[in-house]
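1. only the shape, not the letters, is given here:
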């Protein structure tokens, strides 16, 4: 049994749904942040711009 | 186990799909809102120009909205907006930030004008500042754009890499004027170049997403104010690249300082620089009277490019400067080569003017010390340039009816 499962088992039954909702919401927010950053990164050129002056 | 609790055998016992999706949606809305706020905020309080650490040279890509916000926060409605676009010459390479030529231009023009330097290294006349000026044409109808180019050089209507992203932001964002000539130019180029076509297939949806989520502006702001998120040529390794870009000063040196002036005209660069100076040669032949004649096909090609480079209504307010090379190199030309070079500038000025742009060439009366290398001006040359440009800007202001 994983540590997460054991921790969940120790919590009072009434608290579990609230905690699960809060953690799910946080996970969603985190994924949104990562998705937003990935969109930013894939929009950048993959090759660096090297300026050479003549 | 109570009926409402998650089954302990589930892989992620705490995950609730609806709450997760709510978090995802809320997160995207919040980030999009933050990006929208940032895109309308000038977070470059001490902006003078885009030095390397806040330009594509170091993986920082200023957005169109970012530059528009800089213009809005500095230019009052009663001022004439003067945007300087173009390349490293107008950016002010060899000119320290405090003495850059655009500051001198601002001093000469006075408080009725607001001069902003949106030039980039290696940019074309239709890059950066040109897109900003066009996007702001309704908010700042009294505006002048200053750009530069070499003699006998064509200009693409949609900029050049790596700065073309600003043009696409304006073009696909619906913020530029409708111009049949420019659209035709773009369509023909896209039809002819498969890599550009593929690139645009990615750019178009990316810009659509960005218009909704504003992630380019948000992460630029994070990179500038808080922490960098990607390596750059000057900060290639962790943790160096985490340093926020606002902490980097403009590194441009003073080309008149003895430390740098001794290397201004490096002997090893001489052959290449002379080759560049002789660049217009292949486009000319000597006529019966010994005068240099520009090949008709080149003249037509240049005229065609310049006709579509900017939309017609914007041409009269676009002041084009043609940059002469340092006399250090020009004096090594033979008399015939010197005549050809001068002719190439005279022809170029005329072709630009015939296409509808105010235009003049500068530098023919500059001295060696006015240049930091073959083509870039030191602060001394920059101040001379400002002294030549200021009356031209004032005349344009009168001619365009901005004083009414």
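-> On my side now, so go ahead. This is a predicted model, so every value here is computed, not measured.
2. doesn't residue B:104 fall inside a helix?
-> Yes. Under DSSP: H, G, I helix; E, B strand; the rest coil, residue B:104 sits within a helix.
3. how close does it get to residue B:98?
-> To residue B:98, residue B:104 is 11 Å away according to C-beta to C-beta, to the nearest Å. Every C-beta, even on glycine, is put in place using the N, C-alpha and C of the backbone.
4. looking at those two, which has the bigger crowd around it?
-> Between residue B:104 and residue B:98, counted using other C-beta atoms under 10 Å in any protein chain shown, residue B:104 has the larger neighbour count: 22 against 11.
5. secondary structure element holding residue 32?
-> Since no chain was named, I'll use chain A. Per DSSP states H and E, residue A:32 falls inside helix A:15-42.
6. could you do chain B instead?
-> With DSSP H and E as the criterion, residue B:32 is inside helix B:17-39.
7. average pLDDT across whichever helix or strand comes after that helix?
-> For helix B:17-39, the following helix or strand on the C-terminal side (DSSP H and E) is helix B:64-74. For helix B:64-74, the mean pLDDT works out to 97.
8. ok, residues contacting helix B:64-74?
-> B:39-44, B:47, B:81, B:83, B:114, B:116, B:118, B:128-129, B:131-132, B:135-136, B:139-140, B:166, B:169-170, B:173, B:175, B:214, B:217, B:220 (C-beta atoms under 8 Å, 6 or more residues apart in numbering or on different chains).
9. what do you get if the cut-off is 7 Å, keeping everything else the same?
-> For helix B:64-74, contacts defined as C-beta atoms under 7 Å, 6 or more residues apart in numbering or on different chains pick out B:39-42, B:44, B:47, B:81, B:114, B:116, B:118, B:131-132, B:135-136, B:166, B:169-170, B:217, B:220.
10. one more: stretch B:276-285?
-> For stretch B:276-285, using C-beta under 7 Å, 6+ apart, the contacting residues are A:54, B:151-152, B:292-295, B:298, B:325, B:329-330, B:333, B:337, B:340-341, B:344.
11. what does the stretch 301-404 of chain B put close to chain A?
-> For the stretch 301-404 of chain B, the contact set with chain A under C-beta under 7 Å from any C-beta of the partner chain comprises residue B:373.
12. got the residue ranges for the strands in the stretch 301-404 of chain B?
-> B:318-323, B:359-362 (DSSP state E, counting those that start in this stretch).
13. centre of the chain versus the shortest one, how much separation?
-> Same thing as strand B:359-362. Using C-alpha atoms, centre = their mean, to the nearest Å, the mean C-alpha position of strand B:359-362 is found 19 Å from that of the whole chain.
14. surely residue B:397 and residue B:82 touch.
-> No. Applying C-beta atoms under 7 Å as the test, residue B:397 and residue B:82 come out as separate, 9.2 Å apart.
15. ok, those two, which is more surrounded?
-> Taking other C-beta under 10 Å, residue B:397 and residue B:82 do not tie; residue B:82 has more neighbours (29 against 19).
16. and the helices in the stretch 251-400 of chain B?
-> B:258-261, B:270-277, B:296-309, B:327-330, B:335-354, B:379-399 (DSSP state H, counting those that start in this stretch).
17. residue contacts, residue B:61?
-> Here residue B:61 is in contact with A:44, B:165 (C-beta under 7 Å, 6+ apart).
18. hmm, I was thinking of residue B:227
-> The contact partners of residue B:227, taken as C-beta under 7 Å, 6+ apart, are B:242, B:244.
19. SS state for it?
-> With three-state DSSP as the basis, residue B:227 sits in coil.
20. and it, how far from residue B:243?
-> 7 Å.
21. how about residue B:207?
-> 29 Å.
22. give me the neighbour count for residue B:48.
-> Residue B:48 has 16 nearby residues by other C-beta under 10 Å.
23. in three-state terms, label residue B:78 for me.
-> On the three-state scheme (three-state DSSP), residue B:78 is labelled coil.
24. what is the burial count for the closest residue to it other than its chain neighbours?
-> With sequence-adjacent residues excluded and distances taken as C-beta to C-beta, 6 or more residues apart in numbering or on different chains, residue B:78 is closest to residue B:112, at 7.8 Å. Number of residues near residue B:112 (other C-beta under 10 Å) recorded here: 14.
25. and for residue B:174?
-> 8.
26. tell me the phi and psi of it?
-> Dihedral angles of residue B:174 (phi, psi; degrees, to the nearest 10) stand at phi 70, psi 30.
27. picking that back up, which of the contacts of stretch B:276-285 lies closest to residue B:317?
-> residue B:151 (22.4 Å; C-beta to C-beta).
28. surely the closest one meets residue B:321?
-> No. Contact criterion C-beta under 7 Å: residue B:151 and residue B:321 do not qualify, at 11.3 Å.
29. returning to what we had before: and the contacts of helix B:64-74, which of them are buried?
-> By neighbour count, with 16 or more other C-beta atoms under 10 Å in any protein chain shown, the contacts of helix B:64-74 hold B:39, B:44, B:47, B:81, B:114, B:116, B:118, B:131-132, B:135-136, B:166, B:169-170, B:217, B:220 as buried.
30. show me the residues you listed that map onto strands.
-> B:81, B:114, B:116 (DSSP state E).
31. now the strands of the stretch 301-404 of chain B in a markdown table, with mean neighbour count?
-> As requested, the strands of the stretch 301-404 of chain B are exported to a markdown table (neighbours: other C-beta atoms under 10 Å in any protein chain shown):
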| stretch | mean neighbour count |
| --- | --- |
| strand B:318-323 | 23 |
| strand B:359-362 | 19 |
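32. Serialize the ones you listed to a markdown table and add fields for mean pLDDT and distance to residue B:261.
-> Formatted as a markdown table, those follow (pLDDT from 0 to 100; distance: least, C-beta to C-beta, whole Å):
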| stretch | mean pLDDT | distance to residue B:261 |
| --- | --- | --- |
| strand B:318-323 | 97 | 20 |
| strand B:359-362 | 97 | 21 |
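33. worst-scoring helix or strand of chain A, pLDDT-wise?
-> In chain A, no helix or strand scores lower on mean pLDDT, DSSP states H and E than helix A:3-10, which sits at a mean of 77.
34. mind checking how far the residue at minimal distance from the centre of chain A is from residue B:63?
-> Compute the mean C-alpha point of chain A, and by C-alpha atoms, centre = their mean the closest residue is residue A:30, 3.1 Å away. Using C-beta to C-beta, residue A:30 is found at 25 Å from residue B:63.
35. now do the residue in chain B that chain A sits nearest to, the pLDDT please.
-> Minimum separation of chain B from chain A (C-beta to the nearest C-beta) falls at residue B:23, amounting to 2.1 Å. Looking at residue B:23, its pLDDT stands at 97.
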